[in-house]
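structure, please.
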Amino acid sequence: MKSTNEDEPAVVVVRAYDFVRWLIPKAERFPRNFRFSLGERLVAASLDLLLDLVEAAYASDKSRALERAARCVNSVRYLVRLSKDLKIMTVESYGFACERIEEIGRMTGGWQKANRKRE
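Residues are numbered from 1 along each chain as shown. As a prediction, this is how the structure comes out:
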């Protein structure tokens, strides 16, 4: 798939989907005392991010869904960092997650910017 501005929405949705698919098994292995608090919140925020991006891909007014997605990116970023700081997530997993979150955040921001120009 070539990467153009029109393809970007589809690409960021796929990236978010792949991130959630990677994250869920990780969160399921969180220690019991964190699995149902931090683990569930992290998965929920990641799923919200994915669903907001899917909504933006199909909505006529994309700005609200993209704003929510940008907020979710920040929520996921902090929850992943907290998981690493509490030594629930390995440094390697943290590094991988940060790379993916950074990429999704950059693509979401680019989509927001392109959407503002169209409005």
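
can you count the residues close to Lys87?
Neighbourhood size, Lys87 [other CB atoms under 10 Å]: 9. Backbone N, C-alpha and C define where each C-beta goes, glycine included.

quick one, phi/psi of it?
Phi and psi for Lys87, reported as degrees, to the nearest 10, are phi 60, psi 30.

off-centre distance for the worst-scoring helix or strand of the chain on mean pLDDT?
The weakest-scoring helix or strand in the chain, judged by mean pLDDT, DSSP states H and E, is helix 8-28 (a mean of 94). Centre-to-centre, helix 8-28 and its host chain are 7 Å apart (CA atoms, centre = their mean, to the nearest Å).

just stretch 50-65 next, same as before
14 Å.

got it, and stretch 92-110?
With CA atoms, centre = their mean, you get 8 Å for stretch 92-110.

in it, what's buried?
Ser93, Tyr94, Phe96, Ala97, Arg100, Ile101, Ile104, Gly105, Met107, Thr108 (16 or more other CB atoms under 10 Å).

alright, I will stop here.
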